[in-house]
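Engineer: need the 3D shape of this:
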Amino acid sequence: MNKGRPANKTREEGWSSRASHSRRLARVIAVQALYESDVTGHPAAPAVSRRAAEAGLSARMAEFAAELVARVEATRQELDATIAGAAPAWPVEQIPAVERSILRLALTELAMGLGTPPSVVADEAVELAKLLGSESSPRFINGVLGTVLG
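Structural biologist: Residues are numbered from 1 along each chain as shown. I've put the predicted structure just below:
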């Protein structure tokens with residue numbers, strides 16, 4: 001009999017993992033909607049709703065993604081000013097749209113104070129950059145958020 005950690009996750013661990021995966025998917029959908037809005041000039045709300053439905057996101061996580069997107073859109077100028085202050089060598093309009101969207105989302109999640117530790121928000125942003133950005137995106141995202149979180 002193995003007295004160490006069981007091979008199967010406990011019910012609690014499974015829920016935690018599933019919740020983490022759902023939040024990441026909600027963040028991916030939010031970034032995709034923000035990116036679409038950024039490059040087309042259309043509002044992001046319809047895009048987040050459409051993408052959440054296509055992905056089969058739960059109502060709770062779709063609401064989370066929609067709230068993040070709505071807050072980004074409502075505070076875009078302030079977010080861009082924060083980004084500009086943290087990355088003065090890069091004019092915000094010259095930062096690739098995917099990276100802008102990830103940074104705006106992470107800064108918004110930090111400002112919302114949802115109880116997610118800042119280091120986790122930053123780690124999630126870096127993971128999104130690995131998934132959606134270029135090879136250099138994770139390092140750039142990490143640097144900007146590291147400066148902001150100082």
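
Engineer: for the strand or helix carrying residue 54, which helices and strands make contact with it?
Structural biologist: Assigned by DSSP states H and E, residue 54 belongs to helix 45-55. Helix 45-55 sits against helix 11-40, helix 59-74, with contacts defined as 3 or more CB pairs under 8 Å, 6 or more residues apart in numbering; DSSP states H and E. All C-beta atoms are positioned from the backbone trio N, CA, C, and that covers glycine.

Engineer: for the record, mean pLDDT for the last one?
Structural biologist: In other words, helix 59-74. For helix 59-74, the mean pLDDT works out to 96.

Engineer: show the subsequent helix or strand relative to it.
Structural biologist: Heading C-terminal from helix 59-74 (DSSP H and E), you reach helix 76-86.

Engineer: give me the next element, helix or strand, following that next one.
Structural biologist: helix 97-112.

Engineer: nearest residue to the middle of this protein?
Structural biologist: Against the mean C-alpha coordinate of the chain, by CA atoms, centre = their mean, the closest residue is residue 27 at 4.3 Å.

Engineer: and it, how far is that from residue 88?
Structural biologist: Distance from residue 27 to residue 88, counting by CB to CB, to the nearest Å: 26 Å.

Engineer: circling back to that earlier point, the residue nearest to the centre of the chain touches residue 121, doesn't it?
Structural biologist: No - Residue 27 is beyond contact range of residue 121, at 9.5 Å (criterion: CB atoms under 8 Å).

Engineer: which residues are in contact with both of those two?
Structural biologist: The contact sets of residue 27 and residue 121 overlap at residue 109 (CB atoms under 8 Å, 6 or more residues apart in numbering).

Engineer: before we move on, the earlier item: quickly note the distance from the residue nearest to the centre of the chain to residue 137.
Structural biologist: On the measure of CB to CB, residue 27 and residue 137 end up 15 Å apart.

Engineer: cool, thanks, talk later.
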